[in-house]
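A.B. asks: Below is the sequence, then the predicted model.
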Amino acid sequence: DAGVIQSPRHEVTEMGQEVTLRCKPISGHNSLFWYRQTMMRGLELLIYFNNNVPIDDSGMPEDRFSAKMPNASFSTLKIQPSEPRDSAVYFCASSQRGGREQYFGPGTRLTVT
Amino acid sequence: GQSLEQPSEVTAVEGAIVQINCTYQTSGFYGLSWYQQHDGGAPTFLSYNALDGLEETGRFSSFLSRSDSYGYLLLQELQMKDSASYFCAVRDTTDKLIFGTGTRLQVFP
């Protein structure tokens, strides 16, 4: 299995631009999680889906952030408009529902200038 | 609120034993997980405790005391490659993971 796939691996954009991060979970996993990691705030859960349905989005910072999971093999996290404080590494992870282990993708390093 | 506390940094020498403690306060609790993250890498799963007691996986062991809201990760026979950050994470009743702030372990020769 290829593991969780994220794209792009690196993104540099200017303030005000729209950013879209992509994730392909491991086949057969029905839970998907989006995290953000910064030095200041550590590893924060932004949103998670079960069977493509958003279950908890309480970690989404504000309305500029949105996430979708149109099918079991694809999810997006969108930031519009982006701001410098959004600079972070964004991880996607997947697991089987009730599974004890989450499998993380390699992350997308986002820099907003 | 939910909070997890763990030391920010630990240092040790090769071959030594290190214990990384984690205390937690959460509104719901299913179990305690541990993840390892090397610089520039992604978190990877190490262990999970749902019940009180010790779980052993090779050189790594993890312990949980639910009554004390406390757990630890024990790393034995330390190797240079164990230098990384280690995160405890509470799995709550909705299947979310709430991560601690991480402990940076530096292993010296």
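C.D. replies: Sure thing, it's come through.
A.B. asks: For chain B, which residues are neighbours of chain A?
C.D. replies: B:31, B:33, B:41-45, B:48, B:50, B:87, B:91, B:94-102 (Cβ under 8 Å from any Cβ of the partner chain). To be clear about C-beta, it is placed using only N, CA and C from the backbone, and glycine gets the same treatment.
A.B. asks: out of the residues you listed, which are buried?
C.D. replies: B:31, B:33, B:42-43, B:45, B:48, B:87, B:91, B:95-102 (16 or more other Cβ atoms under 10 Å in any protein chain shown).
A.B. asks: Inside strands: which ones of those residues?
C.D. replies: Judged by DSSP state E, these include B:G31, B:S33, B:F45, B:Y48, B:F87, B:R91, B:L97, B:I98, B:F99 as members of strands.
A.B. asks: Residue ranges in chain B under the pLDDT threshold?
C.D. replies: Scanning chain B with the threshold set as pLDDT under 70 gives B:1.
A.B. asks: typo on my end, chain A
C.D. replies: A:1.
A.B. asks: Up against chain B, what does it have?
C.D. replies: Going by Cβ under 8 Å from any Cβ, the residues of chain A near chain B are A:31, A:33, A:42-45, A:48, A:50, A:55-56, A:91, A:93, A:97-98, A:100-107.
A.B. asks: Buried subset of those, written for PyMOL?
C.D. replies: This is how PyMOL selects the buried members of the residues of chain A next to chain B, with burial counted by 16+ other Cβ under 10 Å:
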select buried, chain A and resi 31+33+42+43+45+48+50+56+91+93+102+103+104+105+106+107
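A.B. asks: so of the residues of chain A next to chain B, which ones are in strands?
C.D. replies: Per DSSP E, the residues of chain A next to chain B map to strands at A:31, A:33, A:42-45, A:48, A:50, A:55-56, A:91, A:93, A:103-104.
A.B. asks: Please identify which two of those are farthest apart in space.
C.D. replies: A:G42 and A:N50 (23.9 Å; Cβ to Cβ).
A.B. asks: all strands for chain B, in order.
C.D. replies: B:3-5, B:9-13, B:18-25, B:31-37, B:44-49, B:53-57, B:60-65, B:70-75, B:84-91, B:97-99, B:103-108.
A.B. asks: Looking at the ones you listed, which is nearest to A:S82?
C.D. replies: Across the strands of chain B, closest to A:S82 is strand B:97-99 (Cβ to Cβ), at 24.1 Å.
A.B. asks: What strands line up against that closest one, and which way round?
C.D. replies: strand B:84-91 (antiparallel) (DSSP bridges).
A.B. asks: How far off centre is the partner strand?
C.D. replies: 5 Å (Cα atoms, centre = their mean, to the nearest Å).
A.B. asks: CA atoms only for it, dumped as PDB, please.
C.D. replies: Presented in PDB, the C-alpha positions along strand B:84-91 are these (Å, rounded to 0.1, in the frame of the first residue of the first chain):
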ATOM      1  CA  ALA B  84      13.000  12.400  17.800                       C
ATOM      2  CA  SER B  85       9.900  14.000  19.300                       C
ATOM      3  CA  TYR B  86       7.500  11.800  21.200                       C
ATOM      4  CA  PHE B  87       3.800  12.700  21.600                       C
ATOM      5  CA  CYS B  88       1.200  11.300  23.900                       C
ATOM      6  CA  ALA B  89      -2.300  11.500  22.600                       C
ATOM      7  CA  VAL B  90      -5.700  10.800  24.200                       C
ATOM      8  CA  ARG B  91      -8.200   9.000  22.100                       C
END
